[in-house]
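**Student:** no sequence for this one, just the structure:
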Ligand code: ATP
């Protein structure tokens, strides 16, 4: 155990397109006792009622993007960003450093575990892969993604396709992957894949394979 280290020996970045099944897969790792750090959840907490990002967001965009209970009004923010392309970048400039700090805090808190998983929806798009030892991509056909999100969110096909159009392509994501979880089938097909990866990650740590043959360069900041 590396109790004094500031992070687990192995840090896995988990990503995938919208509706690919990131949360479903991450939860299966969680059920095996693996610490999960969910950057989407962190973003929601930062922008919830009284969230630490809300004062800066209010100062930047004014009260129209703040809901009555104090949370970020996502619909209002989306509408504002639609008419002002720079708005999304200004929001990200506030949120991303805060997400990074909280992610690092949670990674440090998991330092005594052999490995931890950080779920980052836009990992491939964000040019941030270097801080992870390995990247696991949850993959399924694009049509399956579209159908799942239409069903889950009650959105029309065109709206889901518009979201997909601004994400990395399936091929780009697979090219960045060290490991792939195939979630194109039944949820029941996930367990064996997750357990196989879990055994593999534990073996990396146990055998010290990482130190002899690092799958990815480590980020000196983490
Ligand atoms: P998002 O990017 O939108 O946060 P996600 O990648 O985390 O999504 P999930 O929330 O895990 O994906 O799954 C998307 C939807 O598809 C959910 O409603 C989930 O229950 C369903 N789902 C996930 N995997 C499967 C599967 N193998 N078969 C059928 N439905 C599935």
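**Tutor:** Done, it's in. The structure presented is a predicted model; accordingly, all values stated were derived computationally and were not measured.
**Student:** going by C-alpha atoms from here, please, whenever you check contacts or count neighbours.
**Tutor:** Fine.
**Student:** doesn't residue 146 lie inside a helix?
**Tutor:** Yes: the assignment for residue 146 is a helix, going by DSSP: H, G, I helix; E, B strand; the rest coil.
**Student:** find the nearest non-adjacent residue to it, please.
**Tutor:** Distance criterion C-alpha to C-alpha, 6 or more residues apart in numbering; nearest residue to residue 146, sequence neighbours excluded, is residue 160 at 6.1 Å.
**Student:** which ones are touching that neighbour?
**Tutor:** 146, 149-150 (C-alpha atoms under 8 Å, 6 or more residues apart in numbering).
**Student:** what's the average pLDDT for the one helix or strand it maps to?
**Tutor:** Per DSSP states H and E: residue 160 is located in helix 157-165. Averaging pLDDT along helix 157-165 yields 93.
**Student:** residues of that helix that come out buried?
**Tutor:** By neighbour count on 16 or more other C-alpha atoms under 10 Å, the buried set for helix 157-165 is 160, 164.
**Student:** where along this protein do the helices fall?
**Tutor:** 22-31, 39-46, 54-61, 74-83, 85-109, 142-153, 157-165, 170-176, 190-207, 209-212 (DSSP state H).
**Student:** for the protein, what lies in contact range of the ligand?
**Tutor:** Residues of the chain lying close to the ligand by C-alpha under 6 Å from any ligand atom are 16-24, 148, 152, 183-187.
**Student:** pull out the buried members of these.
**Tutor:** Buried, going by 16+ other C-alpha under 10 Å: 16-23, 148, 183-184, out of those.
**Student:** okay, the residue nearest the centre of the chain: pLDDT?
**Tutor:** Central residue of the chain (C-alpha atoms, centre = their mean): residue 120, 1.5 Å from the mean position. pLDDT for residue 120: 95.
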